[in-house]
Structures are given as structure tokens and as C-alpha cells.
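Engineer: build the 3D model from these lines:
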Amino acid sequence: MSLSLFILGSLANENSSPYQLKKALLDVIPIKISEGKFYYNFESLQKKGLIEPVETIQIVNRPNKTLYGITQEGIRFLEQEIYNSFKKVSKIEDLYISIYLLKYIDSAKAALFLEKTIKREKNQWEEFKRAKDKVEFKERMELLDDKQRNAVQFISEHAFSQSEHNIYWMEKLLTFLKQISG
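Structural biologist: All right, here's what the predicted structure looks like:
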């Protein structure tokens, strides 16, 4: 959805061609994107009525260039999806586009959603930590051979460190949102 958000947010700012949008995305945000995925998202937004062609520019000895704009329905959808991204996030990378598009929403409202998300995420990981101390978990671990126990330990260590890292950055983002909302 973040790719679609970028397209909608860019078109909310100004009409553009798909090629210009793709170039702008790659210039602004450090992500990898295939052309096929980009154009699939673009066409999908058009089929849903969230964007539409607004102008065709004819250039001598070149193919016509079609500029697209966002529809009123697209503007409503954009705002709602940015808020939804703050409600559902578990990795900060999932929010890159939404952070970039903060000008289209109320930052204080996004902060409220993010606070709930952080709390939920912390609770979930505390629950996982407690589960490791339960008898059932320890009994299951006893059934594993040494390689499997080591693998479970390795996986758990990575998952918990990723979780702590993501929560840390979500808390930094929360501070940022509160600062810019005044």
C-alpha cells in the first residue's frame, strides 16, 4: 500500500505522469521497486477511480505524455490510508511513505494512533517473553535436538532485537509527530 500512497500523495500535490512519479519516488525515498510493481499499482489506482488522466501533452517525434491527477475520492482514501498505516505498523520501514506524506493529515491524530500501536506492540512482545518461561514451552524445547534448540534461540534473539529496534524508532517517531503537531 505504501507505493500507492506515494502515488496518491504526489498527485495530490501536482499532476504528473507515471514516469515522473517513479523517478521522484526513487530520488526521494531509499527503496527498491520494480517497474512492473510500480505500474501495476498505478493502474490499480486508476481502475478504483482514485486517480484519473487530466491532460495529454503532445510532443513532436515522441509518444504522447498523459498527466494524471487525484480524484476527490482519492484524496479521502489517501488520508484514511495514512492514518491506517500508523494504526497497523510493526516495522518503521512500513511507515516511510506515510511519514513523507504527513502534510496531508493531522499529526496529532497520527500520534494517538501510533501510541496505541506502540503499546500493543510492547504488550505482544512481553507476552512472548512470558511464554518462553512457561512449562509448556520448556517441555517443547526438551523434545528438540541441540541444533533445533540453537536454531530456536537464534531466531528468538533476532526477533526480539528487531522488535526492540522497531519500538525504539516508533517512539522516536511519536516524539517527532508530537513536536510537529505543535
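Engineer: run the chain-centre distance for the longest helix along the chain.
Structural biologist: Taking DSSP state H as the criterion, the chain has its longest helix at helix 146-180. Offset of helix 146-180 from its chain centre (C-alpha atoms, centre = their mean, to the nearest Å): 17 Å.
Engineer: show me which positions of that helix end up buried.
Structural biologist: For helix 146-180, a neighbour-count test (16 or more other C-beta atoms under 10 Å) marks 163, 166-167, 170, 173-174, 177 as buried. Every C-beta, even on glycine, is put in place using the N, C-alpha and C of the backbone.
Engineer: and those residues, which two are the farthest apart?
Structural biologist: The most widely separated members of the buried residues of helix 146-180, counting by C-beta to C-beta, are Ser163 and Leu177 (20.6 Å).
Engineer: what separates His158 from Ala151, distance-wise?
Structural biologist: 11 Å (C-beta to C-beta, to the nearest Å).
Engineer: follow-up on the earlier one: from the buried residues of helix 146-180, pick the one nearest Ile105.
Structural biologist: Out of these, the member with the shortest distance to Ile105 (by C-beta to C-beta) is Leu177, at 9.9 Å.
Engineer: apart from its chain neighbours, what residue comes closest to the closest one?
Structural biologist: With sequence-adjacent residues excluded and distances taken as C-beta to C-beta, 6 or more residues apart in numbering, Leu177 is closest to Ala111, at 4.0 Å.
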